[in-house]
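Participant: pasting the sequence and the predicted coordinates here, then a few questions.
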Amino acid sequence: MYTKNIRAKLGWAFLLMSVLIPTSKAQSLSISPEHPNFQLMSVQTQGSGTDVILIPGLASSRGIWTNLALGLQSSHRVHILELAGFASTPAISNRDGKVIAPVVDAIAGYIRTQHIKAPAIIGHSLGGEIALMLGVQHPDLVGRLMVVDALPFYMLMIDPAATSENAAQHAIATREWILAQSPEQFVAYQKTSIARLAKTEAVRSALVAAGLSSDRKTIADAVYELMTTDLRPELARIKAPIEIVYAYDALFGVPAARVDAMYRQSYSSAHDVHFTRIDDSFHFVMLDQPERFSSAVASFLNQ
């Protein structure tokens, strides 16, 4: 019964995949082997100036940031991440089931070893959760945070009354369902999901390809961790200003005011938080409304 419901309920909110577009004129970097989590991500840098770190979401390529990074590189040094097990970055075979928390430590280590001072962090989807956790656990390392279409507790998108205690059962069932799908079922579900995640039809085939290039177990483990992590009680620890950018479209089937209220209530414990809604967009705001999204980023960085 639950697995049938999960297909319907996750809808546009199920955080999967991204466009697989190569980043041009970028220098590839690896995390220093001296850091214990150096295998957890790869980084490309481009441009010069103040530092901006871009974190893609679940099963996403760094390519979702290509257009944004090209616009920023004349005035910023842009660090574009890709997480191990997603898209073209190899998975880690001996991972203990944790995906998000170790990456947070890896990014903190990267900021320290590269001597980056107060970078702006922009994270989409699961990358937004990582950005928030970085601000919670390492408040002195970040200058400002932008969270794109993500909540501090993902389960609220499925059940507004969810708690971290009752989320575990749902998370276990979802992880098992992802792992149990046949290759044909997995492809079919990726195609169905991406139609809800990207309004722009032209990008959908690449989105599906990126998801299918990702490691299934890494996806399943990340979804479980995402569904069982509730950062709301810890948001007050974040010192940096937070900008929440989120999508809305009439096809969601709910009033815009209801979506506005969900985001504001979810982030109510944060000290310095601002909200920007981008209409006529699905989950991949930077692909559906690139000009409006770039404008929101420019305002965020120039504050």
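Facilitator: Cool, got the structure.

Participant: does residue 234 really touch residue 136, like I thought?
Facilitator: Yes: with contact defined as C-beta atoms under 8 Å, residue 234 and residue 136 form a contacting pair (4.6 Å). The C-beta positions use only the backbone N, C-alpha and C, and glycine is treated the same way.

Participant: quick one, strands of the stretch 101-250 of the chain?
Facilitator: Here the stretch 101-250 of the chain has its strands, by DSSP state E, counting those that start in this stretch, at 120-124, 144-148, 242-248.

Participant: can you tell me which of the ones you listed is most buried?
Facilitator: Neighbour counts (mean count of other C-beta atoms under 10 Å) averaged over each of those peak at strand 120-124, with a mean of 27.

Participant: that strand pairs with which strands, and in what direction?
Facilitator: Strand 120-124 pairs in its sheet with strand 50-55 (parallel), strand 144-148 (parallel), by DSSP bridges.

Participant: who touches the first one?
Facilitator: Contacting residues not belonging to strand 50-55 are listed as 62, 65, 68-69, 72, 75-81, 83, 107, 111, 116-124, 127-128, 130-131, 301 [C-beta atoms under 8 Å, 6 or more residues apart in numbering].

Participant: which among those residues count as buried?
Facilitator: 62, 65, 68-69, 72, 76-81, 83, 107, 111, 116, 119-124, 127-128, 130-131, 301 (16 or more other C-beta atoms under 10 Å).

Participant: helices - which of these land there?
Facilitator: Among these, the residues falling in helices (DSSP state H) are 68, 69, 72, 107, 111, 127, 128, 130, 131, 301.

Participant: mind putting those residues in JSON lines, distance to residue 185 and pLDDT included?
Facilitator: Formatted as JSON lines, these follow (distance: C-beta to C-beta, whole Å; pLDDT from 0 to 100):
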{"residue": "68", "distance to residue 185": "34", "pLDDT": "97"}
{"residue": "69", "distance to residue 185": "35", "pLDDT": "97"}
{"residue": "72", "distance to residue 185": "39", "pLDDT": "97"}
{"residue": "107", "distance to residue 185": "34", "pLDDT": "96"}
{"residue": "111", "distance to residue 185": "40", "pLDDT": "97"}
{"residue": "127", "distance to residue 185": "26", "pLDDT": "97"}
{"residue": "128", "distance to residue 185": "28", "pLDDT": "98"}
{"residue": "130", "distance to residue 185": "28", "pLDDT": "98"}
{"residue": "131", "distance to residue 185": "32", "pLDDT": "98"}
{"residue": "301", "distance to residue 185": "42", "pLDDT": "97"}
